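> what follows is a predicted structure for the sequence shown.
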Amino acid sequence: MSTPTADRFTRAIGAAIGLCLVAALIVAARPAGGHGGVLPASLRFSATLDGAVAATPAAPKPLLASGPLRPGDRAKGDFTLRNQTGETLAVRLRAQPSSTALDGIAQVRVQSHGATLFEGTLQALRQGTTEAVKLRPAGAAPIRVTAWIPAEVETGYEGRRLAVALQPEEETLP
């Protein structure tokens with residue numbers, strides 16, 4: 001015959017084993033880590049026209065359509081700016097996103113002829129590129145846009161879909 005102390009000890013051991021089994025089942029059923037299980041973001045960049053500067057391809061055709069974008073992924077797109085005036089222009093590009101959802105998360109790099117005109121957050125690109133591309137009368141320059149979500153980002157991008165218009169802002173040079 002068992003004693004009440006032995007019964008309590010056996011029950012405590014049984015409860016501990018049961019709790020361990022439940023915890024093991026929860027850990028085993030949990031999805032794998034990483035970003036594979038969440039909805040990706042999507043970025044679509046297009047270039048707008050303003051009369052003095054033409055862009056090819058021009059909106060509404062995108063110059064960059066990222067497709068599913070998760071942390072660590074990059075998307076690239078190219079377009080050409082052409083001066084349609086008889087004067088030399090310094091052209092900066094300013095972002096006009098459809099939403100602020102990815103402002104502090106999405107990173108953007110804008111380059112021309114291997115020189116970086118801008119690198120930073122989408123939010124900072126709302127102020128315009130740091131450097132300008134110089135266009136002689138009827139001259140053209142290739143522009144490359146790279147957008148990404150840094151690999152260390154864990155949340156805040158899920159399911160976000162943004163359209164970003166790049167608007168040229170020009171200044172006449174002597």
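Thanks, I have the structure now.

> state the distance from the residue most central in space within the chain to residue 167.
Centroid-nearest residue in the chain: residue 106, 3.3 Å away (criterion: C-alpha atoms, centre = their mean). Taking C-beta to C-beta, to the nearest Å as the measure, residue 106 and residue 167 are separated by 17 Å. The way it works is simple: take the backbone N, C-alpha and C, and place the C-beta from them, glycine included.

> over to residue 44?
15 Å.

> neighbour-wise, which of the two wins?
For residue 44 versus residue 167, the count of surrounding residues by other C-beta atoms under 10 Å is larger for residue 44: 20 against 17.

> what about the helices in the protein?
Applying DSSP state H to the chain gives helices spanning 4-29, 122-125.

> ranking those helices by burial, who's on top?
helix 122-125 (a mean of 20; mean count of other C-beta atoms under 10 Å).

> quick check: mean pLDDT of that helix?
The average pLDDT within helix 122-125 is 96.

> packing partners of it?
In terms of contacts (3 or more C-beta pairs under 8 Å, 6 or more residues apart in numbering; DSSP states H and E), helix 122-125 is packed against strand 89-97, strand 107-112.

> for residue 76, which of those strands is the nearest?
For residue 76, the closest of the helices and strands packed on helix 122-125 is strand 107-112, at 9.1 Å, according to C-beta to C-beta.

> just give the nearest non-adjacent residue to residue 50, would you?
With sequence-adjacent residues excluded and distances taken as C-beta to C-beta, 6 or more residues apart in numbering, residue 50 is closest to residue 168, at 5.6 Å.

> many thanks, have a good one.
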